[in-house]
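# have a look at this fold, sequence not included:
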């Protein structure tokens, strides 16, 4: 039903009401006229009063006023002596008119007030039902789009258009529904202002020419989840202030729905991640066990054979030793690959403890030098280093890898050095050799997986060592880098010096 | 092989590993006995009374740590654990359950035989009764009866905590002592969070007793697990 049709029907109804009022008075006169000799005048007045009352009740104030005057006129003309003379001058008639007017006006007012109340109650009920429907739709929504659609349905029922802008992960507002943009929304900054300020931005009621756009923040318990932007559909005038409360209610419903979706989503993701991690861990550990067992056998059996130099031909013993060494190299590769996989997985816990750095240097030197008995490392540890918070097993691995590299790429008898000192908030460790240095231009990529210093060289290795060092050092919050220093190669890494717990040493006796 | 030669029990489910381990044990002039599961291992340990037990931690029927715990209820036989790398918590659990030492897979026979010899020597010493109050390593002499520590003839002053720590290490030569165990013995079980104290005090002992504290030869770090005292490098 369009607006003009509604207007037309209203004016037609008003004319009809007046005609009905006239008819009612006429009916009263027609009923009273044959009885005029038998009834007293007050009874006849009562009859007209009844007519006025009925008109006021059913037809409203204007027809009631008209009926009052018409009734007094008819009464005066047909019933009051002298008959057929219209004389309204005396006090008696003035009183009758006043009473009839009063009855008509009071009745009409009472009726219209109760009708208004009933209308308001009906409107409230409709409003509540629509909000309830929006709430129900939003509660059942499986994604943001459905929440947006529920909001749009509600707004559509109120002659409003709108958009649900949802805050994305990077704190931007994203249109949940897509579709055509809202006029004036993108340029006005209304949505941004409502989102950042966490307060409704509504048009100024005095500024009738300005934008009719209103924005309500979607306030959820934990944060603002977006903005509800509303403007009247074309040709529907402006947004009434009385609508603001309902729109705020809609906004908070949408906010709760979005919050629920957010946490449901987060829970699903977490569940998937846990399942993923569990799978990864179980694959890694069974791989590790299944590959390590035959390697252990291989190393052990080959080693047993190689030891029998007295009873075996020399070349057979050499072959056995070679098998053992290759199996060991393969085991090292396996460990490197598994370690890399573990370090890359988010859930690998570092077993960090407060300990002196000297301790791990000592154990690394013992391991590295026992594997390369012809090498000797010079150490230069600054005295009084603080306790450092690190995973000793992993840092030992870093030091062993770096020493191993320094051995491999240095000429025999070269000087290998390991130094550590504190510089501001970090422990700075360097492992250097005086060998050929790193190839220029390759230094930056050396810490990437499977990159080697000398490609296809006779030096064994898979290019995992430095990548593992990098992963371990970075997991500790440190950094690692390489450089060439006057006829040698240096790898430096840092570990953060946090605030160590106090150690109370007893007095010397 | 004479019936007086020591008996070693090998509890390992992988037959090939069992084979070369037993081969090496025989070369060390041990008699050997083999089990492939915890249940069988406990049976043999009870019936044959071995002088050394070598146990793999990954056994099919039950956890190797359970084996050690049950064995320790009634036996003080030295136990050597075979375990995979990067399993420090497992090693620690085994050592805390009562194992004496561990070998990380894969291991060479040199390492295996060195450990076996050290453990057999210790079990011999236990059988011979007290090792006495006098201990010596490197240029250090310790008189436990008189609480005196000398290095190159000169007396070394140790604080009570340093001395207690040294006693713990000295009386368990060759054995891996976990951080927990040392803290329990020196500071008391209520001081588990004092891990950094232990490490600082080990550093101080090395400063006072090791020839080159940066490359200790007697008080060795078993990274991620604990410490080991080695009498002869």
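Happy to help now that I have it. Here the structure is a predicted model, which means the values were calculated and not measured.
# what domains does the record give for chain A?
A:3-132, A:143-268, A:283-344, A:353-496 (automatic domain parsing).
# below-threshold pLDDT in the stretch 401-509 of chain A: ranges please.
A:449-462, A:507-509 (pLDDT under 70).
# report the closest residue of it relative to chain B.
residue A:506 (4.3 Å; Cβ to the nearest Cβ). (Glycine included, C-beta is placed from N, CA and C.)
# isn't that residue up against residue B:163?
No - checked against Cβ atoms under 8 Å, the pair residue A:506 and residue B:163 is beyond contact range at 10.5 Å.
# okay, these two: which has more neighbours?
residue B:163 (18 against 10; other Cβ atoms under 10 Å in any protein chain shown).
# what helix or strand is residue 32 on?
Looking at chain A here, since you left the chain open. helix A:3-32 (DSSP states H and E).
# other chain: chain B
Going by DSSP H and E, residue B:32 is in strand B:31-35.
# which helices and strands sit right next to the helix or strand just after that strand?
Counting by DSSP H and E, the element after strand B:31-35 in chain order, helix or strand, is helix B:38-48. Counting contacts by 3 or more Cβ pairs under 8 Å, 6 or more residues apart in numbering or on different chains; DSSP states H and E, helix B:38-48 is packed against strand B:7-11, strand B:31-35, strand B:52-56, helix B:64-74.
# and helix B:38-48, how far out from the chain middle?
Its chain's C-alpha centre and that of helix B:38-48 lie 22 Å apart, by Cα atoms, centre = their mean, to the nearest Å.
# list the buried residues of that helix.
B:38, B:41-42, B:44-45 (16 or more other Cβ atoms under 10 Å in any protein chain shown).
# now do stretch A:228-247
Here stretch A:228-247 shows A:228-232, A:239, A:243, A:246-247 as buried, counting by 16+ other Cβ under 10 Å.
# out of the helices and strands packed on helix B:38-48, which is closest to chain A?
Of all these, strand B:52-56 comes closest under Cβ to the nearest Cβ, at 9.5 Å.
# so for the closest one, mean pLDDT?
Strand B:52-56 shows a mean pLDDT of 94.
# list the strands paired with it, with their directions.
When pairing is defined by DSSP bridges, strand B:52-56 lines up against strand B:7-11 (parallel), strand B:79-84 (parallel).
# and the angle from that strand to strand B:31-35?
Interaxial angle, strand B:52-56 versus strand B:31-35 (axes from the mean of the first three to the mean of the last three Cα atoms, to 10 degrees): 30 degrees.
# now strand B:52-56, how far from the chain's geometric center?
For strand B:52-56, the distance to the chain centre is 12 Å (Cα atoms, centre = their mean).
# contact partners for residue 22?
You didn't pick a chain, so chain A it is. Residue A:22 makes contact with A:66-67, A:70 under the criterion Cβ atoms under 8 Å, 6 or more residues apart in numbering or on different chains.
# think we crossed wires, I meant chain B
Under the criterion of Cβ under 8 Å, 6+ apart, the neighbours of residue B:22 are B:8, B:10, B:32, B:34.
# check it and give its pLDDT.
According to the model, residue B:22 scores 93 on pLDDT.
# quick check: phi and psi at it.
Torsion angles at residue B:22 (phi, psi; degrees, to the nearest 10) stand at phi -70, psi -40.
# and stretch A:488-507, which residues are buried?
Going by 16+ other Cβ under 10 Å, stretch A:488-507 has these buried residues: A:488-495, A:497.
# pull the most distant pair out of the residues you listed.
A:488 and A:497 (26.9 Å; Cβ to Cβ).
# which among the helices and strands packed on helix B:38-48 is found nearest to residue A:337?
So among these, strand B:52-56 is nearest, using Cβ to Cβ, at 23.2 Å.
# show residues contacting that closest one.
With Cβ under 8 Å, 6+ apart as the criterion, strand B:52-56 contacts B:6-14, B:17, B:21, B:25, B:30, B:41, B:45, B:64, B:67-68, B:71, B:77-83, B:99, B:116, B:119-120, B:123.
# lowest-scoring secondary structure element of chain A by mean pLDDT?
helix A:185-188 (a mean of 69; mean pLDDT, DSSP states H and E).
# between the domains of chain A, which one is closest to residue B:193.
Nearest to residue B:193, of the domains of chain A and by Cβ to Cβ, is domain A:353-496 at 10.1 Å.
# could you work out the end-to-end span of the closest one for me?
13 Å (Cα to Cα, to the nearest Å).
# for the stretch 401-509 of chain A, just list every one of the strands.
Counting by DSSP state E, counting those that start in this stretch, the stretch 401-509 of chain A has strands at residues A:416-423, A:426-433, A:480-484, A:489-496.
# actually, chain B.
For chain B, the strands defined by DSSP state E cover B:7-11, B:31-35, B:52-56, B:79-84, B:101-105, B:134-137, B:140-143, B:148-151, B:154-155, B:176-178, B:219-222, B:226-229.
# can you check the stretch 201-350 of chain A too?
Assigned by DSSP E, counting those that start in this stretch, the strands in the stretch 201-350 of chain A fall at A:214-219, A:224-232.
# what helices or strands is the longest helix along chain B leaning on?
The longest helix of chain B (DSSP state H) is helix B:109-127. Helix B:109-127 sits against helix A:242-307, helix B:15-27, strand B:52-56, strand B:79-84, strand B:101-105, with contacts defined as 3+ Cβ pairs under 8 Å, 6+ apart.
# ok and it relative to strand B:7-11, angle-wise?
130 degrees.
# what does helix B:109-127 contact?
Contacts of helix B:109-127 (Cβ under 8 Å, 6+ apart): A:300, A:303-304, A:307, B:6, B:8, B:20-21, B:24-25, B:27-28, B:30, B:51-52, B:54, B:76-78, B:80, B:100-101, B:103, B:131, B:173-175.
# please, a PyMOL command that selects the buried ones among those?
This is the PyMOL syntax for the buried subset of those, where burial follows 16+ other Cβ under 10 Å:
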select buried, (chain A and resi 300+303+304+307) or (chain B and resi 6+8+20+21+24+25+28+30+51+52+54+77+78+80+100+101+103+173+174+175)
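# excluding chain neighbours, give the residue nearest to the most centrally placed residue in chain B in space.
Nearest to the geometric centre of chain B sits residue B:175, at 2.3 Å (Cα atoms, centre = their mean). Using Cβ to Cβ, 6 or more residues apart in numbering or on different chains and skipping residues adjacent in sequence, the residue nearest residue B:175 is residue B:100, 5.0 Å away.
# quick one: buried residues of stretch B:180-198?
B:180-187, B:194-198.
# mind putting those into TSV with distance to chain A and pLDDT?
As requested, the buried residues of stretch B:180-198 are exported to TSV (distance: Cβ to the nearest Cβ, whole Å; pLDDT from 0 to 100):
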residue	distance to chain A	pLDDT
B:180	12	91
B:181	16	91
B:182	14	93
B:183	12	93
B:184	17	91
B:185	17	91
B:186	12	91
B:187	12	90
B:194	9	81
B:195	5	85
B:196	4	89
B:197	6	90
B:198	9	92
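# hmm, back to that, rebuild the helices and strands packed on helix B:38-48 as CSV, extending it with distance to residue A:223.
Listed next are the helices and strands packed on helix B:38-48 as CSV, based on distance: least, Cβ to Cβ, whole Å:
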stretch, distance to residue A:223
strand B:7-11, 58
strand B:31-35, 61
strand B:52-56, 54
helix B:64-74, 48
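# out of those, nearest to residue A:278?
helix B:64-74 (22.5 Å).
# is the closest one positioned near chain A?
No - judged by Cβ under 8 Å from any Cβ of the partner chain, helix B:64-74 makes no contact with chain A; its nearest approach is 13.1 Å.
# by contact count, what packs against that helix?
Partner elements for helix B:64-74 (3+ Cβ pairs under 8 Å, 6+ apart): helix B:38-48, strand B:52-56, strand B:79-84, helix B:88-97.
# before we move on, back to that, inside helices: which ones of the buried residues of stretch B:180-198?
B:180-186, B:195-198.
# break chain B into its domains for me.
B:7-127, B:134-229.
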